[in-house]
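A.B. asks: got a predicted structure here, sequence first:
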Amino acid sequence: MAEKKRYRPNVAAVIVSSKYPFECEIFIALRSDIEDAWQFPQGGIDEGESAKTALFRELKEEIGTDEIEVLAEFPQWLSYDFPQTVTKKMYPFDGQIQKYYLVRLKPEAVINLETKEPEFSEYNFVKYNEIFKHISYFKRPVYKKVLEYFSKEGYL
């Protein structure tokens, strides 16, 4: 019998710049611990913490600001498995189950990647059609589902 996989509860943010809705630029960041791995900010949900509370905490920890406005929430939790290159780092989890939010940076937000425990070395705002040129291969199916949903709903 196959062993049941363990998924880490996680929250993720699709961040649009403060220029939204006049310009639709989406934030991506380069991980400092995995070569050439661009992604949306994300992080674990602590025991007893709501997904929305984790969203604000994780953004503050990862990009130095929680000055955001929540625009929408993906209606389901989505999961993905880690590739072999990441499995050891994330033990005992086989992957992550995530709640996605679409958020807009407030005009006064200042991004600062030099946080207490930096996870990203650089960031960029890209157009919707440029995202998949950068994003790590194993995250693409989930990102595609999330971005298509927010687009269908009229946000992107």
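C.D. replies: Right, received. Where do you want to start? Numbers count the residues shown, from 1 in each chain.
A.B. asks: let me see the contact set for Pro41.
C.D. replies: Neighbour list for Pro41: 12-13, 15, 27, 29, 58-59, 62-63, 120 [criterion: C-beta atoms under 8 Å, 6 or more residues apart in numbering]. Heads up, the C-betas are built off the backbone N, CA and C, glycines and all.
A.B. asks: neighbour count and pLDDT added to these, as JSON lines?
C.D. replies: Shown next, in JSON lines, are the contacts of Pro41 (neighbours: other C-beta atoms under 10 Å; pLDDT from 0 to 100):
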{"residue": "Ala12", "neighbour count": "24", "pLDDT": "98"}
{"residue": "Ala13", "neighbour count": "22", "pLDDT": "98"}
{"residue": "Ile15", "neighbour count": "26", "pLDDT": "98"}
{"residue": "Phe27", "neighbour count": "19", "pLDDT": "98"}
{"residue": "Ala29", "neighbour count": "22", "pLDDT": "98"}
{"residue": "Glu58", "neighbour count": "22", "pLDDT": "97"}
{"residue": "Leu59", "neighbour count": "25", "pLDDT": "98"}
{"residue": "Glu62", "neighbour count": "22", "pLDDT": "97"}
{"residue": "Ile63", "neighbour count": "24", "pLDDT": "98"}
{"residue": "Phe120", "neighbour count": "22", "pLDDT": "97"}
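A.B. asks: looking at those residues, which are in strands?
C.D. replies: Assigned to strands by DSSP state E, the following of the contacts of Pro41 qualify: 12-13, 15, 27, 29, 120.
A.B. asks: of the residues you listed, closest to Leu105?
C.D. replies: Ile15 (6.2 Å; C-beta to C-beta).
A.B. asks: could you report the separation of the closest one from Lys127?
C.D. replies: Distance of Ile15 to Lys127, computed by C-beta to C-beta, to the nearest Å: 14 Å.
A.B. asks: likewise for Gln84?
C.D. replies: Counting by C-beta to C-beta, the gap from Gln84 to Lys127 is 32 Å.
A.B. asks: helices or strands up against the lowest-mean-pLDDT helix or strand in the chain?
C.D. replies: Ranking every helix and strand in the chain by mean pLDDT, DSSP states H and E puts helix 84-87 at the bottom, with a mean of 72. Using 3 or more C-beta pairs under 8 Å, 6 or more residues apart in numbering; DSSP states H and E, no helix or strand is in contact with helix 84-87.
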